[in-house]
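*Asks:* everything below, folded, please.
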Amino acid sequence: MIEVFITDIPNKTQADRVLNIIKTETADLKINYDLNETASSFPCGHTILRMEGDVINSDEIIAVVNESGFKCAVLEDKICK
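*Replies:* Predicted structure coming up:
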């Protein structure tokens, strides 16, 4: 299973900090992210956070990111202008 999230995490340092928290709670997931360079506001300007594993608890991932002070949502099919 693969789940893709969007967040407003602005840089690598903060992304690494959040990912370390996620990894301690869900060690069996493969996780990676891409920082977005756009100046658009969330959700059109965002960081992509990808999770791969047998079981992904989206609510738990969103809660961890939110508790770290950032916005997070499951990526939906949407066109931003």
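
*Asks:* excluding chain neighbours, what is closest to the residue at minimal distance from the centre of the chain?
*Replies:* To find the centre residue of the chain, average its C-alpha atoms and take the closest one (CA atoms, centre = their mean): that gives Leu49, at 3.5 Å. Of all residues not flanking Leu49 in the chain, Phe5 sits nearest, at 4.3 Å (CB to CB, 6 or more residues apart in numbering). C-betas here are computed from N, CA, C, even on glycine.

*Asks:* cool, Val55 as well?
*Replies:* The shortest distance from Val55 to any residue that is not its chain neighbour, by CB to CB, 6+ apart, is 7.1 Å, and that residue is Met1.

*Asks:* the one you found contacts Asn57, correct?
*Replies:* No: distance between Met1 and Asn57: 10.8 Å, which falls outside the contact criterion (CB atoms under 8 Å).

*Asks:* of the two, which one has the most company?
*Replies:* Taking neighbours as other CB atoms under 10 Å, Met1 and Asn57 compare with Asn57 leading, 15 against 9.

*Asks:* need the contact list for the more buried one.
*Replies:* Under the criterion of CB atoms under 8 Å, 6 or more residues apart in numbering, the contact list for Asn57 reads Thr26.

*Asks:* re earlier: can you give me the pLDDT of the residue nearest to the centre of the chain?
*Replies:* Here the pLDDT value assigned to Leu49 is 90.

*Asks:* secondary structure element holding it?
*Replies:* Element membership of Leu49 [criterion: DSSP states H and E] is strand 47-52.

*Asks:* buried residues in that strand?
*Replies:* Neighbour-count burial for strand 47-52 flags 47, 49, 51 (criterion: 16 or more other CB atoms under 10 Å).

*Asks:* how far does that strand sit from the chain's center?
*Replies:* Strand 47-52 sits 5 Å away from the centroid of its parent chain (CA atoms, centre = their mean, to the nearest Å).

*Asks:* which strands or helices does it pack on?
*Replies:* Strand 47-52 sits against strand 2-7, helix 12-25, strand 30-34, helix 58-67, with contacts defined as 3 or more CB pairs under 8 Å, 6 or more residues apart in numbering; DSSP states H and E.
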